[in-house]
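Engineer: Here is my input; please provide its structure:
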Amino acid sequence: MARAVLHSTSRRQFFKTGGGLLIGFSLSDSGVVPRLIAADTATPPAPGRLDAWLRIGKDETVSVATGKVDIGMGVQTGLIQVVAEELDVSPGRVHLIMGDTANTPDQGGVGGSTSISAGANPLRNAAATARLVLLQRAAVRLQAQPEQLRVRNGMVSVEGDAARTVSYGSLAGGSEWNEALRVSGGGFALNVQGKGKPKDPASYTIVGQSVPRVDLPPKILGQATYSTDVRVPGMLHGRVVRPATAGARVLGVDESSVRAIPGFQKAVVKGDFVGVVADNEWAAIRAARELKVSWSDAAEPFPADLFGHMRSAKPKTTRELTRQGDTAAFARAARKVEASYEWPFQAHATMGPGCAVADVRSDGITTIWTGAQKPHALQKGLAQMLQLDENRVRVIWVEAAGSYGRAGDEDVAADAALLSQAVGKPVRVQWSRADMTAWGGKGPAVIVDLAAALDRDGAVEAVELISRAFSGTEIIPQPNTAGNLLTAQLIGMPNTTAGDEHVQWGGSTYAYNFKNVHAVGHIIPPLYASSSPLRTTHLRDPNGPAGTFAGESFLDELAAAAGVDPIEFRLRYTEDARAKAVLSAAAERAKWEHRASPRGNRDGSTLTGRGVALALRGGTYVATIAEVEVSRASGAVRVKRLVCAHDCGLIVNPEALRGTIQANLVQSLGRTLKEEVTFDRNHVTSVDWNSYPVARWHDVPQVEVVLVNRRDIPPSGAGEPSSRPTAAAIGNAVFDATGVRIRRVPITAARVKAALA
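Structural biologist: Numbering: from 1, shown residues only. Model (predicted):
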């Protein structure tokens, strides 16, 4: 694998390199330059200045800054296409700078499937304004009216006179143009607008094309730099010793127990944080294993029966999520159907464990290289933890081997920062697989109780939902604060800013028009308040798969009770044209057999079935059909085929989108059939690929994606929505095959076999 020795590039150097056009940046700007000179780091560039987003060099290269990052879904290529479209240049000339707090505006980082749906807006508007400014300059240079000018791949010419041309790079010329932008919103919703008007989507020639992903060649050729590859001069290696049990306190540390290890440098103890620093990785691993630490005894904070605890625990908060129509409809119902669904804690299980390098210098100037999805938020949290001015902390995003939520990249960055501050040298911290799976944040466990009132004809009169869940935002509010970091909790900084995130029915989640709906959400207090291996946080599509597993499984149960085909039943209760379209598209591709579930003939050793689920997320519509085989003898479920119809509005890059959806389906299949965090009264016990299995190659089914392109609708998210319906589609297919309903994920062979018995 490639090894990269990295040196920091300041924003000052970024703008000086290449002698290109600085649009709206003045070297006399005393609010920016002194910090750059004094600290070689800075607050994010002001988004109201065009140069914060875009620069054109004399070499014709277009450099674009974005607070978004690419965690493997091709976002980088999509954003390049957006800019290239507005500027009329080839995508190959656009270079993206991503997730560097000194060089990119704060766009909230990555989350909520917003990188294209919201993150592209300021880039589109900035590029449109830059194009207008360039054309105004070209009109003067070429002595022509702006309406006479045409642009082809960054070359401006006068229509009908091929000899009169000038390039963008020549127009840039190193001069400085002051161009202000109007700023609105913040974080994910940050947007800017200038005097340039973006193109009509009907005229797009680059957006909508399958431009090859720019990140794939270096990855395929082994040339990509990941967070594990970062090396800086004078770097040491660190490891952290975690508490022996949840809640244990440090009583004493015997540093003499590891002084004889060649390369050992120092043990760092602060509060209940214990770490070691060494000259090399193996010495750090040995020291962490062999360091003698005395820990206090601790209570047993984790329950033997997780879901029993969740039902009996007093909620931290309770919120009425939806009240629609007459909730007294249950009193006059001819029939009532009830069901409960359970979703476990799940780990992020990234392909590679977290890794970060931190350089905290004696003067407080700090640089962090990390794969964290939200660099600007992490900058704030680390500054608080280190008790440094935020302007002197720079976070540089470097791609990690997987992410999709808060896997642990923020926490390993905090480990490295604290160790670096303690020894005054750069420190690299590499978590082990056990560190990442045991101590990384967990997707929350969820219970959803559903009830429906039916009339004499089997029509749905009312629906009631009661959810119980650990908060998906316990350690990831916005903006980030030190108390959200595991390292900061161990040194005694409380987490006082955690939010609540309920599992719900309503809003944009479902397209169904039931007349009477009542939904209540309960948030269960954390099992342990601080520095717990069962801290809950965002995992891809937070609460979405759990809520949809419950809701769409329940829809299937109601369809079966009514003796109606599952797709026909769904179509009866929606007037949403886009929901109908994805259901119909998936059914057509899958050659759906229209009949009620379960299927009538269930003879033989292998049972087959099909199931469907519909989901909405952030304006994106997804319908997934699963075809399964179930072994009658073992209960093992084999998914043979997944068909997904996906409508996320305007498609920027069809092949990149298709790959994102396919990866979503495979990952969510693993979460459906295999993934569950296990624990005893003090520890997480699922710490490796044997105790925490994920989908393997032999589990991957035939995957077919139907893309519904709506050029008249702005693009919505694609990073998460297709994760949402997978579990319900598979569970419904198992019911169709076997006639038994599995209401707990993962749908393991043991659970299916027990249900069949």
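Engineer: So which residues of the stretch 551-700 of the chain form helices?
Structural biologist: With DSSP state H, counting those that start in this stretch as the criterion, the stretch 551-700 of the chain has helices at 566-572, 577-590, 654-673.
Engineer: Could you say which one of the ones you listed comes nearest to residue 62?
Structural biologist: Proximity to residue 62 (C-beta to C-beta) singles out helix 654-673 among the helices of the stretch 551-700 of the chain, at 19.9 Å. Any C-beta I mention is one placed from the backbone N, CA and C, and that applies to glycine too.
Engineer: Okay, now the unreliable bits of the protein?
Structural biologist: Along the chain, segments meeting pLDDT under 70 span 1-42, 174-177, 475-480, 506-509.
Engineer: Got the phi and psi for the spatially most central residue of the chain?
Structural biologist: In the chain, the residue lying closest to the centroid (C-alpha atoms, centre = their mean) is residue 404, at 3.6 Å. The phi/psi pair for residue 404 (degrees, to the nearest 10) reads phi 60, psi 50.
Engineer: if I read this right, it contacts residue 545, doesn't it?
Structural biologist: No. Using C-beta atoms under 8 Å, residue 404 is not in contact with residue 545; the gap is 12.0 Å.
Engineer: what about the longest helix in this structure?
Structural biologist: helix 120-142 (DSSP state H).
Engineer: Throw the helices of the stretch 551-700 of the chain into CSV and include mean neighbour count and distance to residue 129, thanks.
Structural biologist: As requested, these are exported to CSV (neighbours: other C-beta atoms under 10 Å; distance: least, C-beta to C-beta, whole Å):
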stretch, mean neighbour count, distance to residue 129
helix 566-572, 20, 45
helix 577-590, 19, 32
helix 654-673, 22, 26
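Engineer: so which of those helices gets nearest residue 489?
Structural biologist: Nearest of the helices of the stretch 551-700 of the chain (C-beta to C-beta): helix 654-673, 27.0 Å.
Engineer: need the strands for the stretch 501-650 of the chain, in chain order.
Structural biologist: 516-524, 606-617, 620-631, 637-647 (DSSP state E, counting those that start in this stretch).
Engineer: Direction included, what does the first one pair up with?
Structural biologist: To tie it back to what came earlier, the one meant is strand 516-524. strand 317-324 (antiparallel), strand 460-470 (parallel) (DSSP bridges).
Engineer: what does it rub up against?
Structural biologist: Residues outside strand 516-524 that contact it (C-beta atoms under 8 Å, 6 or more residues apart in numbering): 310, 313, 315-327, 329, 453, 461-471, 500-506.
Engineer: got a markdown table for the helices of the stretch 551-700 of the chain, with distance to residue 628 too?
Structural biologist: As requested, these are exported to a markdown table (distance: least, C-beta to C-beta, whole Å):
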| stretch | distance to residue 628 |
| --- | --- |
| helix 566-572 | 14 |
| helix 577-590 | 13 |
| helix 654-673 | 10 |
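Engineer: Between those, which one is closest to residue 218.
Structural biologist: helix 654-673 (16.1 Å).
Engineer: continuing past the closest one, what's the next helix or strand?
Structural biologist: Next helix or strand after helix 654-673 toward the C-terminus (DSSP states H and E): strand 702-708.
Engineer: other SSEs contacting that next one?
Structural biologist: For strand 702-708, the packing partners by 3 or more C-beta pairs under 8 Å, 6 or more residues apart in numbering; DSSP states H and E come out as helix 577-590, strand 637-647, helix 654-673.
Engineer: so residue 270 touches residue 422, yeah?
Structural biologist: Yes. At 7.5 Å, residue 270 and residue 422 qualify as touching, with contact defined as C-beta under 8 Å.
Engineer: So which of the two has more stuff around it?
Structural biologist: residue 422 (19 against 16; other C-beta atoms under 10 Å).
Engineer: Among the contacts of strand 516-524, name the buried ones.
Structural biologist: Among the contacts of strand 516-524, those buried by neighbour count (16 or more other C-beta atoms under 10 Å) are 310, 315, 321-322, 327, 329, 453, 461-471, 500-506.
Engineer: need the contact list for residue 571.
Structural biologist: By C-beta under 8 Å, 6+ apart, the neighbours of residue 571 are 580, 583.
Engineer: Check the gap between it and residue 565 for me.
Structural biologist: 9 Å (C-beta to C-beta, to the nearest Å).
Engineer: And residue 619, by the same measure?
Structural biologist: Residue 619 is 28 Å from residue 565, by C-beta to C-beta.
Engineer: Next: residue 578.
Structural biologist: On the measure of C-beta to C-beta, residue 578 and residue 565 end up 21 Å apart.
Engineer: again, but for residue 197
Structural biologist: For residue 197, the distance to residue 565 - C-beta to C-beta - is 48 Å.
Engineer: Check residue 606 too.
Structural biologist: Distance from residue 606 to residue 565, by C-beta to C-beta: 23 Å.
Engineer: Equivalent analysis for residue 755, please.
Structural biologist: 23 Å.
Engineer: again with residue 613
Structural biologist: Taken as C-beta to C-beta, the span from residue 613 to residue 565 is 14 Å.
Engineer: higher neighbour count, the two?
Structural biologist: The residue with more neighbours, out of residue 613 and residue 565, is residue 613; 30 against 18, by other C-beta under 10 Å.
Engineer: isn't that one right up against residue 554?
Structural biologist: No. With contacts counted by C-beta under 8 Å, residue 613 stays clear of residue 554, the gap being 10.9 Å.
Engineer: The closest residue to residue 301 other than its chain neighbours: neighbour count?
Structural biologist: Spatial nearest neighbour of residue 301, chain neighbours left out: residue 528 (4.2 Å); criterion: C-beta to C-beta, 6 or more residues apart in numbering. Residues contacting residue 528 under the criterion other C-beta under 10 Å number 17.
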